[in-house]
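>>> got a structure for you, letters missing:
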């Protein structure tokens, strides 16, 4: 993945997790987009927003390879300084994400592409979970709660956003179904 560096008056942010359904900043435009060279994965231990160091949750990161559909937000120059400060506080709380600029392809029929801020997972960080099987993902998500609420709510809302975009991810959909309709909720104690 090569970095994109080109002057631009407007700024774009690529969302692939909670920023899709809870951006928390003002934007001028919102549209579906595709980022090439990275894919969405439930691969980051959350010690703050959706878990604690003692009971880590699990959140999404952008992993190398493949592609990812998400949402691109266009932020006006007048709001960029505050928006970037907000995103830094939200996404860089522990340094598990690497802020970078990547080209995203806007899926609005315009054939436009734009450089967008994207947060890729730092594989060398202690909160990088790597590849976990879906049962372990479910166990961690089901039991965890952090400053931003239950980990289950985060995964269910993200899967709901993907489904609203017509995207099917069988593994994530299975986890969301289990979270919505637990067969044995007491069996997931640590």
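In hand now; what should we look at? Note that the structure is a prediction, hence the values are computed from the model and not measured.
>>> switch to C-alpha atoms for all contacts and neighbour counts from now on
Fine.
>>> Setting aside sequence neighbours, what's the nearest residue to residue 55?
In space, and not counting its chain neighbours, residue 55 is closest to residue 144: 6.1 Å by Cα to Cα, 6 or more residues apart in numbering.
>>> Tally up the residues packed near the one you found, please.
22 (other Cα atoms under 10 Å).
>>> Look up how far residue 152 lies from it.
As judged by Cα to Cα, to the nearest Å, residue 144 and residue 152 stand 8 Å apart.
>>> Tell me which helix or strand residue 173 sits in.
With elements taken from DSSP states H and E, the one containing residue 173 is helix 170-180.
>>> So which elements touch that helix?
Using 3 or more Cα pairs under 8 Å, 6 or more residues apart in numbering; DSSP states H and E, the elements in contact with helix 170-180 are helix 134-143, helix 151-164.
>>> between that helix and helix 151-164, how big is the angle?
Orientation check (axes from the mean of the first three to the mean of the last three Cα atoms, to 10 degrees): helix 170-180 against helix 151-164 gives 130 degrees.
>>> hmm, back to that, I'd like the helices and strands packed on helix 170-180 laid out as TSV, including mean pLDDT.
Shown next, in TSV, are the helices and strands packed on helix 170-180 (pLDDT from 0 to 100):
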stretch	mean pLDDT
helix 134-143	96
helix 151-164	96
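>>> May I see the ones you listed organised as JSON lines, with mean neighbour count and distance to residue 74 added?
Below are the helices and strands packed on helix 170-180 laid out as JSON lines (neighbours: other Cα atoms under 10 Å; distance: least, Cα to Cα, whole Å):
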{"stretch": "helix 134-143", "mean neighbour count": "20", "distance to residue 74": "31"}
{"stretch": "helix 151-164", "mean neighbour count": "20", "distance to residue 74": "19"}
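>>> can you tell which of those is closest to residue 92?
Among the helices and strands packed on helix 170-180, the nearest to residue 92 by Cα to Cα is helix 151-164 (17.8 Å).
>>> what sits against the residue nearest to residue 55?
Residues in contact with residue 144, defined by Cα atoms under 8 Å, 6 or more residues apart in numbering, are 50, 51, 52, 55, 56, 57, 150, 151, 152.
>>> what about the nearest residue to residue 97 once chain neighbours are set aside, distance to residue 166?
Counting by Cα to Cα, 6+ apart, residue 97 lies nearest to residue 121, which is 4.6 Å off, once chain neighbours are set aside. Remark: distance between residue 121 and residue 166 (Cα to Cα) = 25 Å.
>>> Compare neighbour counts for these two and give me the winner.
Taking neighbours as other Cα under 10 Å, residue 121 and residue 166 compare with residue 121 leading, 26 against 9.
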